[in-house]
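Engineer: Okay, here's the prediction I keep looking at, along with the sequence it came from:
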Amino acid sequence: MRAFHYSWWSFFIAFFIWFAIAPLLPIIAKDLKLSKQDIWTTNICAVAFDIIMRFVFGAVCDKYGARIPMGMVLMAASIPTACIGLVNSLTGLIFVRLFIGLAGSTFVMCQCWTTRMFTKEIVGLANGLVGGWGNVGGGATQLVMGTALYPLFKVIWGGDETMAWRTVCLVPAFVAFCTGIIVIKTSDDCPKGDYKTLKMSGEMPEISAAASFRGGAVDINTWLLYIQYACCFGVELTVNNAAVSYFVNRFELTIESASAIASIFGFMNIFARGLGGYSSDKMSETMNMRGRILVQATFLILEGICIFIFAQMNNLAGSVVMLTVFSIFVQSAEGSTYGIVPYVNANAPGAVAGIVGAGGPTGAVCFGLVFRSLPEDPQKAFNIMAGVVIVSGLLCAVINIKGHRGLFCGQDTKYTAKLKVPVQEDEEDGEVEMAEKETADGEVVMAEKETAADSAQA
């Protein structure tokens, strides 16, 4: 369970520094004399670099494990976070946010880590929990930075708002750097230890990162899930960037009040993403893969409907209620997506997780461009977003994973992909290696792994 907790905590800290600047944007825009379109340009840049790095780190995790990349990215992303106070122009803000966006790629390590640590029967729940608890960092940063640390630093600097926002980000930067060191020094890559040690002992074969990426990229299901993840996590990233400014401009709230409201969206991750993974796992018990896909379609369509209703709200109370409701469906859809991901390609789970994960920031960039082109009409931008999300939910009709029945075609077969995971074997205690096996009725269970001697004896 140590890897489980390191996984969500690392992603939590990464998410925190990724959006630490978001609740401060109204005052930064005022100091640097930036327009709404300028702010949306920086929001887009904040997620653009993440797209590229998610593609890269998926295959990297298959080759080297998730531990070292996770720690190194946290340390690297903490540097531009600490440099926020040096920004004096739009160009500087763009470049700082661009490189801080590297922190978002830790999501790939987060999901690869738990995929390697847990069996497929509960991997949806495990992936949902670590992803969801990590995403809480998006809500925590709104609350902590906007309503706690920023006011505190204003007091420290005698009411000077400019010095407050220029120095407050040093705190999350320091925490992120220290977390990166701790993760690398005190955690493991998989149940049996570190990839490097396992490869040196011959217990784990060497894996080509390029071959792993190709394995994930050639499957059409990977790209369908990529689109759907763009329409759930991409929505979350867009809201994290825009929520404070939206409530400040539409309802004339203070930064402190708007930050507190915006934090609700992120805090729903405490249970909502895990709920999506759990629902996916439970439906698979009775309907196999078809159940997982049905859960995915339901969450996405309900998400789109709730976004549309949220856009129509003209009073603060109604907006807060709908923000809460639609955030639950957004994050549940994220969890159900990664309930499907481990089944797409058992030999390249990291590559699939990375490609699908890249859909999130891709969606954020696309939705960000929509909002940037409609700076005075956010309602229309939200309506466009809602329509795209509903269409993505309908794409579930064409998801068809090898060996599993889809919503309308295909059939469940005896084919069961085995996830290639080095597992713990303790000969002194008489424990044996376990592996997934399929029963006569098609149910996948954990059973003692058959050895060469067992096969000969049979």
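Structural biologist: It's in.
Engineer: rest of the way, CA atoms for contacts and neighbours
Structural biologist: Fine.
Engineer: Could you list the low-confidence segments of the stretch 351-458 of the chain?
Structural biologist: Applying pLDDT under 70 to the stretch 351-458 of the chain flags residues 414-458.
Engineer: And the strands in it?
Structural biologist: Secondary structure of the stretch 351-458 of the chain (DSSP state E, counting those that start in this stretch): strands located at 434-438, 444-448.
Engineer: what about residue 366, neighbour count?
Structural biologist: 18 (other Cα atoms under 10 Å).
Engineer: how far away is it from residue 124?
Structural biologist: According to Cα to Cα, to the nearest Å, residue 366 stands 27 Å off from residue 124.
Engineer: now do residue 240
Structural biologist: Taking Cα to Cα, one finds residue 240 at 24 Å from residue 124.
Engineer: Look at those two and report which has more neighbours.
Structural biologist: Neighbour totals were compared for residue 240 and residue 124, and residue 124 leads with 32 against 23 (other Cα under 10 Å).
Engineer: so the more buried one makes contact with residue 334?
Structural biologist: No - assessed by Cα atoms under 8 Å, residue 124 is found out of contact with residue 334, at 10.4 Å.
Engineer: And the helices in the stretch 1-150 of the chain?
Structural biologist: 2-18, 25-32, 36-64, 67-82, 90-100, 106-117, 123-144, 150-156 (DSSP state H, counting those that start in this stretch).
Engineer: quick one, phi/psi of residue 33?
Structural biologist: Per-residue torsions, residue 33: phi 60, psi 60 (degrees, to the nearest 10).
Engineer: Neighbours of it, how many?
Structural biologist: Per other Cα under 10 Å, the neighbour tally for residue 33 reads 11.
Engineer: what's the spacing between it and residue 27?
Structural biologist: Plainly put, residue 33 is 10 Å away from residue 27 if you go by Cα to Cα.
Engineer: who's in contact with the residue nearest in space to the middle of the chain?
Structural biologist: By Cα atoms, centre = their mean, the chain has its centre lying nearest to residue 107, at 4.7 Å. Each residue near residue 107 by Cα atoms under 8 Å, 6 or more residues apart in numbering is listed here: 11, 131, 357.
Engineer: any idea which of those residues is closest to residue 222?
Structural biologist: Distance to residue 222, by Cα to Cα, is smallest for residue 357 among these, at 10.1 Å.
Engineer: surely the closest one meets residue 54?
Structural biologist: Yes - taking contacts as Cα under 8 Å, residue 357 lies within contact range of residue 54: 6.4 Å.
Engineer: quick one: common contacting residues for those two?
Structural biologist: Listed as contacting both residue 357 and residue 54 by Cα under 8 Å, 6+ apart are residue 108.
Engineer: So for these two, which sits in the more crowded spot?
Structural biologist: Regarding residue 357 and residue 54, a neighbour count based on other Cα under 10 Å identifies residue 357 as having more, with 32 against 28.
Engineer: separation between the more buried one and residue 224?
Structural biologist: Using Cα to Cα, residue 357 is found at 12 Å from residue 224.
Engineer: now residue 88
Structural biologist: Residue 88 sits 41 Å away from residue 224, going by Cα to Cα.
Engineer: More neighbours: which of those two?
Structural biologist: residue 224 (18 against 12).
Engineer: what's near enough to touch that one?
Structural biologist: Residue 224 neighbours (Cα under 8 Å, 6+ apart): 395, 399.
Engineer: That one in helix, strand or coil?
Structural biologist: At residue 224 the chain is in helix, as set by DSSP: H, G, I helix; E, B strand; the rest coil.
Engineer: gap between it and residue 128?
Structural biologist: Taken as Cα to Cα, the span from residue 224 to residue 128 is 19 Å.
Engineer: Name all residues that make contact with the spatially closest residue to residue 225 that is not a sequence neighbour.
Structural biologist: Distance criterion Cα to Cα, 6 or more residues apart in numbering; nearest residue to residue 225, sequence neighbours excluded, is residue 356 at 5.9 Å. Contact partners of residue 356, counting by Cα under 8 Å, 6+ apart, are 222, 223, 225, 226, 227, 229, 341.
Engineer: re the thing from before, please produce TSV containing the contacts of residue 107, extended by distance to residue 186.
Structural biologist: Formatted as TSV, the contacts of residue 107 follow (distance: Cα to Cα, whole Å):
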residue	distance to residue 186
11	16
131	21
357	26
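Engineer: of those residues, closest to residue 329?
Structural biologist: Nearest to residue 329 among those, with distances taken as Cα to Cα, is residue 131, at 14.6 Å.
Engineer: so that closest one touches residue 11, yeah?
Structural biologist: Yes - counting by Cα under 8 Å, residue 131 touches residue 11, with 7.5 Å between them.
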